[in-house]
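J.: I'll drop the sequence and a predicted model, then ask my questions.
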Amino acid sequence: MSRPGFVLEVDDRTPPLLVHEGLGFRLEEFPLGTRVVYPPESIEPVADVEQTIHDALHHPVDSDPLPSLLFAGMRLTIAFDDISTLLPTPQRPDVRQRIIEQVLTLAADAGVDDVVLISANAFHRRLTASELEAIVGERVFRSFFGEGLLVNHDAEDHDNLTFLGKTEADEHVVINKRAAESDLLVYVNTTLVPMEGGHKSVGIGLSAYNSLRHHHNHDTMVNSTSFMDRHSSELHASAWRMGRLIKDHVKVFQIEATVDNTVFPKSMGFLQKREWEWSIRDQATMLASRRALAAAPLKMRHRIFHDMRSQYRVTGVNAGEVEAVHDLTLAKVHEQQLVEVQGQTDVLVLGVPFLGPYNVHSSMNPILATCMGLGYVFNSYRGRPPVRQGGALILYHPLNEGFNQLHHPSYVDFYEEVLADSTDPAVIGPKYEQQFAQDEWYIHLYRTSHAYHGVHAFYMWYWASHAMDHVGDVIWVGGDRRVAARLGFRAASTLADALEMASGTVGTSPSITYLHNPPQLIADVR
Amino acid sequence: MLALEMFRSLPRTAVGKALGGRLPMVGSATTPLRLVTRETPSVDKDGWVPLRTRLSGICGSDLGALSGATSLYFSALVSLPFVPGHEVVADLQEDCEDLPKGTRVVVDSVLTCATRGLQPCADCAAGATNRCSRVAVGHLPPALQTGFCRATGGGWGQQLTAHRSQLHVVPAEYSDEQAVLIEPLACAVHTALRAGVTSQQRVLVSGAGSVGLLTTLALRELTPAGEIIVVAKHAHQRELALRLGASEVVAPREVLRRVRRLTGAFQLEPDFSSPYLLGGVDVAVDAVGNRASLETAMHATRAGGRVVLSGMPASADLSAAWFRELELVGSYASARAEPAGVGRAAEPRGAFEIATELAGLDAVAQLATGVAPYPLHRWREALDHAQSAGRLGTVKVAFDPRDTR
Amino acid sequence: MSGGRRGFWRGGVDDVRQVSRGWRWGHRAQVPRSAQPWVPESESTVFRSDWARTRPAIAAREVVQRAGLEPVFRSSVRTHVQGLDILDRLEGPVIFAANHASHLDTPLVLLSLPDRWRRRTAVAAAADYFFDTWWRAVGSSVLFNTFPIDRRGGTMATTPGEVLEEGWSLLIFPEGTRSQDGWMGRFRMGAAYLAHAHDVPVVPVAHRGTFAAMPRGRSWPAPGRRQLTVRFGEPLRAREGESVRDFAARVRDGVAVLLDEDSTTWWEARRRAAAGATPDPSGPRVAQWRRLWEQSASPEVEPTGRRLVAWRRDRS
């Protein structure tokens, strides 16, 4: 039986609560009266994943069954979400693999010869062969990769991009040429957070700078309140306009899988439990982990966390017409993640965990930590933010992981050059974005190495636009002071210090909300 | 006369060489320097005049010589034992030709044909006095400059002697500290004009010690350079560089990335070696003179660009110079007749004339307040300070032999 | 490096301190008030005790009781045991039903039993007290062979019935809790029910003096080697058609008669029982202080000629 999420009010009986901070965690004693939002426990997964996929493909919503859409001689393209969706990297077999295998089985039965699989990574880094293999599985990988039919989408390969037209809001729609010219485009999506999926899959995953710039910018992000709520998100409004235009040109068969909340493996079960329910064993594991992490050098801590495989179980698979499918997906995601919260508080406390969508097998650099804290976690609300306008945001992250030169070359320059000039997304966008977007070297690394596109660092900063616009004070507990200063924030060594520093903004006895995340939750603030 | 004397000490020099100047000199016995009472130096020829030192700077090349880091190439161009100190502000002790006794002067340290009583060599005749080819002959012992010569003495003593052709009058309104910067400024002027910067070219100055800072100033004042990117290790150097005309200041580990970003170059990562750019700045000045700095300068310069060796260079990988067809340009001391630049250097003039004008700028006057003088007997402290001047936020450490406290 | 190492250990100590305070080590962890509605139905938060009836545990208990408990017990109190002869006429398992006034009751009854019986007797203990922390569960299981029963009527990991079925005799205090004032309280029906359901005899056990020696709230017997008496009575079996309720009343009466007998004589007690005039074991309805006053006096035992040494079993 899974229990729903709820809001805890810290009282004298409450043990210290766990807060994630990068490659580690700490136990924090919150002031009495602090509201702590706990995610629902994992909901019931589907009993038989294979059968569920089978049913979804044969009885899709608002679409003909997949087998009837497949015919010999057709061009079939299967696009799938890259490593940025299910986090941490899930244990095998990946649900995308299971879906793709069934789709391919149907395609083989129908005699389809021309099949290409594309990782929809937009401006994300190209996946390595082993990362592709982990997603699609050994069988699919062996059959397609060597032939060059399992590829990463290349948003800078202008010969292989197609301009489909302009939306009513004058937005350019450009997508992958192969996908655009296919008789059927099957998109295999996994939705961990409600931001993903829907028209965002094809419209963003397979697009290029000319399209992305319309919604990946400061103005759009400030007006996406939040970008986790597609009905209040400018980002999604734009993606939906584009998606509807794409639909007129390409037949898209969308498959979306949802998962439960089982992030951590059993061995680290305490990370998944409510603290007062920790057994002696959990407490011992926690203490031992704390010591091990304290003794381990950064590199080893990185390994410990990044080698962890998430244990997500599939809670549903829906297929068919994009929008109809996505409505079902969102319902399932909300069932798993929504927690009702009454009203806003002065201070919002967030732990920034070791992993975000853009540092899989990589380091959580200060910009990604900002994107994670002020972007993803801050935006994990529906209705209004859990913190009032002008309140304070307190984040936990040491900001000490440095930059991965292979994956994030432009981030370093962004950090050293752009942020030194200004940290205001509205200022740096117009001033620097074009330079980074058109830098040949970044483009070269994006296309041939495993680097995020040059302009991606800007997108990360825009992701935090709404939070920066909304709160009056951002303080990083345990953060490197110099780094925090460069990011335009402040650092404190303890929560008490942070509250002291924030007292100028929110007074000496502010109301506090802490989102106990991960596992992922969406605060439904009334 | 009290003076610091550098003497021949094979063991000390050998040890110093082996350590490569890596260990702090104070407390170690490896410095072949001592405080002695010497005969007052004199050269009994026409045009020579005794001087009383007011202030004499410690230059990077002095430290190099003392720590044994300097190439043995120069061993034929010094005459041991000598009194170091070629950045000198001094008073004339006697009338000298047109200059009355008591005139405050700075010394152009190069010992040219004129000082040696020789007919000018071709370079001297052309005004390129720093290229004089007679530095080992004539009636002086072999020595490239005052401060490396047994006969003339140097600034690190209470008195020295110099030839009229070396003397440049210091304007009365200048402080001694400003004046002691004139000689290094003259070198910087020379470097800037040697760099051959054309309109709006990007220049990288690797190093923000006194050489780098003054070169930055000279580049900004005398050349039509566009962006000047200065590599600075320490925070206060960053501010000084910006004040002296740098458009960007970057930390050593950021250099390549920043230059790459500014110039849209491509960066390559060779195996077991430092990364380099394909593309980069038009002109780079190595104002440090160690291997890392020189390689950074070469690696950040575009093909066909120019690398100016301003510091006394260390050995380095010259692959880039060959492959990128770089022009490696040396810049030693300063010349009586410099090529033309822009601004104050629009007309070909002597480096010291320009340098004397530049020393009057507010930025330099400000810089001069950071000069740290020491009495001679505290030489160990002074050298130690000079060695970590960058870190300690000092632009120039100098000896004040008048001070006996 | 030494600084780092010191920091490492200090961090460890701080963590342990924080956790021990936050999770109330040695106490039951508490649930924040606002989390109460979300506490899952507790299936059984009781620690298991089956291991306590395995061979190694029995051997360990023998050692602990003989070498630890018994010397301590003997040195702290004097005992006077009567009526063990009835056990010779019985085959186990049986249910010993005793009045309950003190933590001394359990060791008193257990150590009064002949070895053969003692080794095969398990003690029913309140799950919510004895089995709610692991160390109390382990301690009481090793020392007294306790198994959990729920005084609120829930289901347990191990039911007393199972223990009986395994051939173990049970020591049950049907009052369910220690007396507040030394006088006997109401008997719950658990013991009678078990005897009824499993068709085993109930041996009433009455003891006096434990309240005087170590009442509620004391953690060690009062000094001066107080006198305790314990008396085993005739086994009772449920009669044909007798309800559990009636049988439970009979068990209580059995204990009451034994108490009477212990303070007077067998003959007088029998006669009063026959006349229905057995003194109420729940005591007279007088002022509380008088009830306590009476119970706080240790029973007197007539010297039997032989001088009582530290421990004596009357096996007559």
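T.: Perfect, I can see it now.

J.: for chain A, what lies in contact range of chain C?
T.: Taking CB under 8 Å from any CB of the partner chain as the criterion, chain A approaches chain C at residues A:1, A:3-4, A:6-11, A:13-16, A:27, A:29, A:274-278, A:280, A:283, A:286-287, A:290-291, A:294-295. The C-beta positions use only the backbone N, C-alpha and C, and glycine is treated the same way.

J.: any of these buried? List them.
T.: Neighbour counting over the residues of chain A next to chain C (16 or more other CB atoms under 10 Å in any protein chain shown) leaves A:6-8, A:10, A:14-16, A:27, A:29, A:274-276, A:278, A:283, A:286-287, A:290-291, A:294 as the buried ones.

J.: taking these one by one, which sit in helices?
T.: Restricting those to those inside helices, with DSSP state H as the criterion, leaves A:Q283, A:M286, A:L287, A:R290, A:R291, A:A294.

J.: show the contacting residues for the fifth one.
T.: Under the criterion of CB atoms under 8 Å, 6 or more residues apart in numbering or on different chains, the contact partners of A:R291 comprise C:F8, C:G11, C:G12, C:D15.

J.: narrow the residues you listed to those in strands?
T.: Secondary structure assignment by DSSP state E places none of these in strands.

J.: quick one, strands of the stretch 51-200 of chain C?
T.: Chain-ordered strands for the stretch 51-200 of chain C, with DSSP state E, counting those that start in this stretch as the definition, fall at C:77-82, C:95-98, C:121-126, C:146-149, C:169-172.

J.: tabulate these in a markdown table, adding columns for distance to A:H214, mean pLDDT and mean neighbour count.
T.: Shown next, in a markdown table, are those (distance: least, CB to CB, whole Å; pLDDT from 0 to 100; neighbours: other CB atoms under 10 Å in any protein chain shown):
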| stretch | distance to A:H214 | mean pLDDT | mean neighbour count |
| --- | --- | --- | --- |
| strand C:77-82 | 89 | 90 | 22 |
| strand C:95-98 | 83 | 93 | 26 |
| strand C:121-126 | 70 | 88 | 23 |
| strand C:146-149 | 67 | 84 | 27 |
| strand C:169-172 | 79 | 91 | 26 |
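
J.: JSON lines for these, including distance to chain A?
T.: Supplementary listing: the strands of the stretch 51-200 of chain C in JSON lines, determined by distance: least, CB to the nearest CB, whole Å:
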{"stretch": "strand C:77-82", "distance to chain A": "36"}
{"stretch": "strand C:95-98", "distance to chain A": "34"}
{"stretch": "strand C:121-126", "distance to chain A": "21"}
{"stretch": "strand C:146-149", "distance to chain A": "18"}
{"stretch": "strand C:169-172", "distance to chain A": "30"}
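
J.: which among those is found nearest to A:M195?
T.: Shortest distance between A:M195 and those, using CB to CB, is found for strand C:146-149: 50.3 Å.

J.: adjacent strands (with direction) for the closest one?
T.: strand C:121-126 (parallel) (DSSP bridges).

J.: looking at this, B:Y73 is in a strand?
T.: No - assessed by DSSP: H, G, I helix; E, B strand; the rest coil, B:Y73 does not belong to a strand; its assignment is helix.

J.: just the pLDDT at it, thanks.
T.: You'll see B:Y73 listed with a pLDDT of 86.

J.: center of chain A - which residue?
T.: Most central residue of chain A, judged by C-alpha distance to the mean C-alpha position with CA atoms, centre = their mean, is A:P357 at 4.6 Å.

J.: interface residues of the stretch 1-150 of chain C facing chain A?
T.: Within the stretch 1-150 of chain C, the residues that sit near chain A (CB under 8 Å from any CB) are C:8, C:11-12, C:15-16, C:18-19, C:22-23, C:29-35, C:37-38, C:40, C:134.

J.: for residue 294, which residues are in contact?
T.: Defaulting to chain A. Residues counted as contacts of A:A294 (CB under 8 Å, 6+ apart) are C:F8, C:G11, C:G12.

J.: wait, chain B was what I had in mind.
T.: Listed by CB under 8 Å, 6+ apart, the contact set of B:L294 reads B:S206, B:D286, B:V288, B:V307, B:L309, B:P313, B:A314, B:A316.

J.: skipping adjacent residues, who's closest to the residue of the stretch 401-526 of chain A found nearest chain C in space?
T.: Of the stretch 401-526 of chain A, the residue with the smallest distance to chain C, taken as CB to the nearest CB, is A:H516 at 11.9 Å. When the adjacent residues along the chain are set aside, A:H516 lies closest to A:Y38, with 5.0 Å between them (CB to CB, 6 or more residues apart in numbering or on different chains).

J.: could you list the low-pLDDT ranges of chain C?
T.: Filtered on pLDDT under 70, chain C yields the residue ranges C:1-4, C:28-29, C:41-46, C:152-158, C:302-316.

J.: got the residues of it near chain B?
T.: Contact residues of chain C with respect to chain B, defined by CB under 8 Å from any CB, are absent.

J.: quick revisit: just to be sure, which of the contacts of A:R291 are found in helices?
T.: Among the contacts of A:R291, DSSP H puts C:F8, C:G11, C:G12, C:D15 in helices.

J.: start and end of stretch A:18-27, how far apart?
T.: End-to-end span of stretch A:18-27 (CA to CA, to the nearest Å): 5 Å.

J.: and if you look at stretch A:179-189?
T.: Stretch A:179-189 has an end-to-end distance of 15 Å (CA to CA).

J.: how far does it sit from the chain's center?
T.: Chain-centre distance of stretch A:179-189: 23 Å, with CA atoms, centre = their mean, to the nearest Å.

J.: that stretch: which residues count as buried?
T.: Neighbour counts over stretch A:179-189 (16+ other CB under 10 Å) mark A:A179, A:A180, A:S182, A:D183, A:L184, A:L185, A:V186, A:Y187, A:V188, A:N189 as buried.

J.: leaving out chain neighbours, which residue sits closest to B:T223?
T.: Here the nearest residue to B:T223 in space, its sequence neighbours aside, is B:V197; by CB to CB, 6+ apart that works out to 4.1 Å.

J.: quick one: contacts for the residue of the stretch 401-526 of chain A closest to chain C?
T.: Residues touching A:H516, when contacts are defined by CB under 8 Å, 6+ apart, comprise A:L17, A:L18, A:V36, A:V37, A:Y38, A:P39.

J.: relative to A:L374, how far out is the residue positioned nearest the centre of chain B?
T.: In chain B, the C-alpha nearest the mean C-alpha coordinate belongs to B:P184, at 5.0 Å (CA atoms, centre = their mean). When distances are taken as CB to CB, to the nearest Å, B:P184 and A:L374 turn out to be 49 Å apart.

J.: what does C:G209 give?
T.: Applying CB to CB, one obtains 73 Å for the distance of C:G209 from A:L374.

J.: neighbouring strands - and their directions - for the helix or strand hosting A:V36?
T.: With the criterion set as DSSP states H and E, the secondary-structure element containing A:V36 is strand A:35-38. For strand A:35-38, sheet partners with direction are given as strand A:6-9 (antiparallel), strand A:512-515 (parallel), following DSSP bridges.
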